[in-house]
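Trainee: After the sequence you'll find the predicted model.
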Amino acid sequence: MRLLILSVLFPMLVGAQHAYFQQRADYVMDIAFDAMNHTFTGKQVVTYTNNSPDTLSRLYYHLYFNAFQPGSLMDIRSRTIPDPDARVGERIRDLKPEEVGFHQVNSLMMDGQKMQFIIDGTVLQAILPKPLPPGGKCRIAMEFNSQVPVQIRRSGRNNQEKVAYTITQWYPKVAVYDRDGHHPDPYVGREFYGEFGDFEVNITIDSKFVVGGTGTVQNPDEVGHGYGPDPKKQSKTITWKFKAQNVHDFAWAADPEFMHDKEKLPSGVELHYLYRPEVKALWKQLQPRFSQAFAIANGVFGKYVYPQFSVIQGGDGGMEYPMCTMLTTPEDLAGLTSVAVHEALHNWYYGMLASNEAKHPWMDEGFTTYAQYFILDSMATVRPKNPFEGSVKSYIRLAKSGKEEPLTTHADHYSHNGAYGTSSYSKGCLYLTQLGYIMGEKHLRKGLQRFYDEWNMRHPAPADVTRIMEEVSGMELDWFADAWTGTTQTIDYSVADARDNSGKTEVLLLRKGRLPMPIDLVINLKDGKQVMHHIPLDLQRGTRIDEGRYPQVVNEVAWPWAYPLYMLTLPYPIASIQSVAIDPSGRLADVLKDDNTYVPGSNKNLAPEEFPAREFIFPFKGK
């Protein structure tokens, strides 16, 4: 009875307690594009399936182009945040009427019945003329017209490399409804979240344009331009017909000078490259490296399920979309390869594993950054000790800056752009490297594969990753996941001292940071031998398997997290020790590494007056 009353009075409260479900939105769109005026008209039919246990009375749409108008939230946010994105700055404020972006919704019908709607900036709220029950399905028809803004952020016309059109975040898009309710986030420049569905998009445009994007071209013989035979008769306009199955967004780009290359991988995936003649040499060099990276990703992080992927010149840097990416061209091959690999890998961590990147941006940006560095390291001829060292250094700078906010911060609500970027990319990447340090790299690889197997084509949340990693490793990991994402606690350990005691050496380790971790400690002996002691943390309720990096001794007694000090007794005199060092692999995200190494007789990392009471040393029992 109590649950029934709650469901009547507070339906969203009860809905938030439901088991996992996933809505579906299938799109059919017919677009007539006017390149002379940078406008288009659209007819859209969305078949919306309510797979939730809730009866819906409203839906929301994103109207992204409305952000590119003076006074929009994106404009105001850019002019009030302490470190605005240089690509935006004050540019939106200065747009002329013919340069702004907009969506004008002319009609909205549900199953033939007129719908009432309210537009507030980049969000449209649609009132359903009749409630949509659990398991129900409806067809929502919309007619709209839009203007493409000048290129400012992601989408627009005539970008810095003269690409005519980057058409992204460009159509009225149904907002996600999930266990947390509706997600009608205004567009202020950050991340995106969409419902999976099938897309059928027909774009009628001047025949001089070459078009590429999400999906596969259904009429290659008609459009030509490398997609199929050149048409025998070229009309003034051509309709490009695209289809994409089970994606959550659709993007495209067009330019009259696009060159088009394609290749087919052994996996059967067809790669397309579209770029302007000015960058031909560099983009030709990219292709074998990109296909190598794509094949590695396909084998390590899960099978790419779509038939094609397009690498397209456009946008304002690098941006991911299902089955394609938009890139501007860095100065050298290494830079172009790096950004192309990163954006392509988003088709795993965003595309197929479609987390709510607005709410958890680190799950797509951080995991993608991890996969990017992993693959670039796999392709490198000279491999660094730690391929993620750049992320470690970037994160440490943020942690020391005083500007860090928890990873649980919504993408749009970080106080600084720089803090958002470092948190989402670098600290998000380190979420996985630290798990690898805790549970072992083999378990991490296995966990990422299982994450893909269980959650591809779905919307995973942070807890889903933690659960899988716990099952794979046999450890408890919520202590780390909660602290790393929900706080700004840091990892900071020190080799405080080493003393001789009756021919044995007592090494004193100090936890200075609030975030506890298991510890790797390498003992470098004067005879050239190395021995690593692995000290588990009590909270993990398990021990990492030997990774074979060094001869390893696993201490059976875990470090209880509340004890600030740990005494490790070594079975040889201090005179035989060259040095003692924490984290020989360089993986631990320790924010102050200067005191991680101790050389007997030459340095002390802890002055005598700094020693805490002996009762706080574990497992030292002396008086």
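Mentor: Looks like it arrived, so ask away.
Trainee: which residues in the stretch 51-200 of the chain form strands?
Mentor: 56-62, 102-110, 113-114, 116-120, 123-132, 137-147, 156-157, 165-167, 173-174, 177-178, 181-182, 197-206 (DSSP state E, counting those that start in this stretch).
Trainee: do you know which of those lies nearest residue 336?
Mentor: Shortest separation from residue 336 across those is recorded for strand 165-167, at 17.2 Å, computed as CB to CB. No exception for glycine: its C-beta is placed from N, CA and C like everyone else's.
Trainee: Mind checking the pLDDT average for that closest one?
Mentor: For strand 165-167, mean pLDDT is 98.
Trainee: Sheet partners, orientation included, of it?
Mentor: Applying DSSP bridges, strand 165-167 is found paired with strand 156-157 (antiparallel), strand 252-255 (antiparallel).
Trainee: Send me the last one as PDB with only the CA atoms.
Mentor: To tie it back to what came earlier, the one meant is strand 252-255. This file holds the C-alpha atoms of strand 252-255, laid out as PDB (Å, rounded to 0.1, in the frame of the first residue of the first chain):
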ATOM      1  CA  TRP A 252      27.200  14.400 -41.400                       C
ATOM      2  CA  ALA A 253      29.500  16.700 -43.200                       C
ATOM      3  CA  ALA A 254      29.600  18.100 -46.800                       C
ATOM      4  CA  ASP A 255      32.100  19.900 -49.000                       C
END
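Trainee: Other residues contacting that strand?
Mentor: The contact list for strand 252-255, computed with CB atoms under 8 Å, 6 or more residues apart in numbering, reads 33, 163-168, 201, 203, 205, 209-214, 242, 274, 276, 312-314, 326.
Trainee: immediately after that strand, which helix or strand?
Mentor: Once the chain leaves strand 252-255, the next helix or strand it forms, by DSSP states H and E, is strand 259-264.
Trainee: Dump that following strand to PDB, restricted to CA.
Mentor: What follows is strand 259-264, C-alpha atoms only, in PDB (Å, rounded to 0.1, in the frame of the first residue of the first chain):
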ATOM      1  CA  MET A 259      38.400  13.600 -51.600                       C
ATOM      2  CA  HIS A 260      37.100  10.200 -50.700                       C
ATOM      3  CA  ASP A 261      39.200   7.100 -50.000                       C
ATOM      4  CA  LYS A 262      38.000   3.800 -48.600                       C
ATOM      5  CA  GLU A 263      39.400   0.400 -47.500                       C
ATOM      6  CA  LYS A 264      38.000  -2.800 -46.200                       C
END
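Trainee: what does it contact?
Mentor: With contact meaning CB under 8 Å, 6+ apart, strand 259-264 is reached by 210, 212, 225-227, 270-277, 280, 283-284, 287, 291.
Trainee: can you rerun that using 7 Å?
Mentor: 210, 225-226, 270-275, 277, 280, 287, 291 (CB atoms under 7 Å, 6 or more residues apart in numbering).
Trainee: try stretch 297-304
Mentor: 267, 269, 345, 347, 348, 371, 375, 448, 449, 452, 456.
Trainee: list the buried ones in it?
Mentor: Of the residues in stretch 297-304, 297, 298, 300, 301, 302, 304 count as buried by neighbour count, 16 or more other CB atoms under 10 Å.
Trainee: Do me a favour and get the end-to-end distance for it?
Mentor: This stretch, stretch 297-304, spans 8 Å end to end (CA to CA, to the nearest Å).
Trainee: now do stretch 566-582
Mentor: End-to-end for stretch 566-582, by CA to CA: 13 Å.
Trainee: Using JSON lines, please lay out the strands of the stretch 51-200 of the chain together with distance to residue 41.
Mentor: Shown next, in JSON lines, are the strands of the stretch 51-200 of the chain (distance: least, CB to CB, whole Å):
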{"stretch": "strand 56-62", "distance to residue 41": "17"}
{"stretch": "strand 102-110", "distance to residue 41": "9"}
{"stretch": "strand 113-114", "distance to residue 41": "20"}
{"stretch": "strand 116-120", "distance to residue 41": "18"}
{"stretch": "strand 123-132", "distance to residue 41": "17"}
{"stretch": "strand 137-147", "distance to residue 41": "5"}
{"stretch": "strand 156-157", "distance to residue 41": "17"}
{"stretch": "strand 165-167", "distance to residue 41": "14"}
{"stretch": "strand 173-174", "distance to residue 41": "17"}
{"stretch": "strand 177-178", "distance to residue 41": "28"}
{"stretch": "strand 181-182", "distance to residue 41": "28"}
{"stretch": "strand 197-206", "distance to residue 41": "10"}
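Trainee: Specify the stretch among these that is closest to residue 473.
Mentor: With CB to CB, the closest approach to residue 473 among the strands of the stretch 51-200 of the chain belongs to strand 177-178: 27.9 Å.
Trainee: could you give the mean pLDDT of the closest one?
Mentor: On average, strand 177-178 scores 98.
Trainee: pLDDT score assigned to the most centrally placed residue in the chain?
Mentor: The residue lying closest to the centre of the chain (CA atoms, centre = their mean) is residue 364, at 1.5 Å. Predicted confidence (pLDDT) at residue 364: the value is 97.
Trainee: Remind me which helix or strand it belongs to.
Mentor: Assigned by DSSP H and E, residue 364 falls in helix 361-379.
Trainee: could you give me the average pLDDT of the next helix or strand after that helix?
Mentor: For helix 361-379, the following helix or strand on the C-terminal side (DSSP H and E) is helix 389-401. Averaged over helix 389-401, pLDDT sits at 97.
Trainee: Also stretch 512-528?
Mentor: Averaging pLDDT along stretch 512-528 gives 96.
Trainee: what about residue 30, which SS state?
Mentor: For residue 30, the assignment made with DSSP: H, G, I helix; E, B strand; the rest coil gives strand.
Trainee: do you know how far it is from residue 487?
Mentor: Distance from residue 30 to residue 487, counting by CB to CB, to the nearest Å: 50 Å.
Trainee: Kindly report the same for residue 187.
Mentor: According to CB to CB, residue 187 and residue 487 sit 29 Å apart.
Trainee: who's more crowded, those two?
Mentor: Between residue 187 and residue 487, counted using other CB atoms under 10 Å, the more crowded position is residue 187 (25 against 14).
Trainee: quick check: domain ranges of the protein?
Mentor: Using automatic domain parsing, the domains assigned to the chain come out as 22-195, 372-486, 493-618.
Trainee: okay, the ones you listed in TSV with distance to residue 354 next?
Mentor: Shown next, in TSV, are the domains of the chain (distance: least, CB to CB, whole Å):
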stretch	distance to residue 354
domain 22-195	7
domain 372-486	5
domain 493-618	27
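Trainee: out of those domains, nearest to residue 319?
Mentor: domain 22-195 (5.3 Å).
Trainee: end to end, how far does that closest one reach?
Mentor: Across domain 22-195, the terminal residues are separated by 8 Å (CA to CA).
Trainee: Give me the distance from it to the chain's centre.
Mentor: Here the centre of domain 22-195 is set off from its chain's centre by 21 Å, with CA atoms, centre = their mean, to the nearest Å.
Trainee: Likewise for stretch 382-394?
Mentor: 19 Å.
Trainee: And the next helix or strand past the helix or strand where residue 221 lies?
Mentor: Assigned by DSSP H and E, residue 221 belongs to helix 220-223. As assigned by DSSP H and E, the chain's next helix or strand after helix 220-223 is strand 237-247.
Trainee: So which bits of that next one are buried?
Mentor: Result for strand 237-247 [16+ other CB under 10 Å]: buried residues 238, 239, 240, 241, 242, 244, 245, 246, 247.
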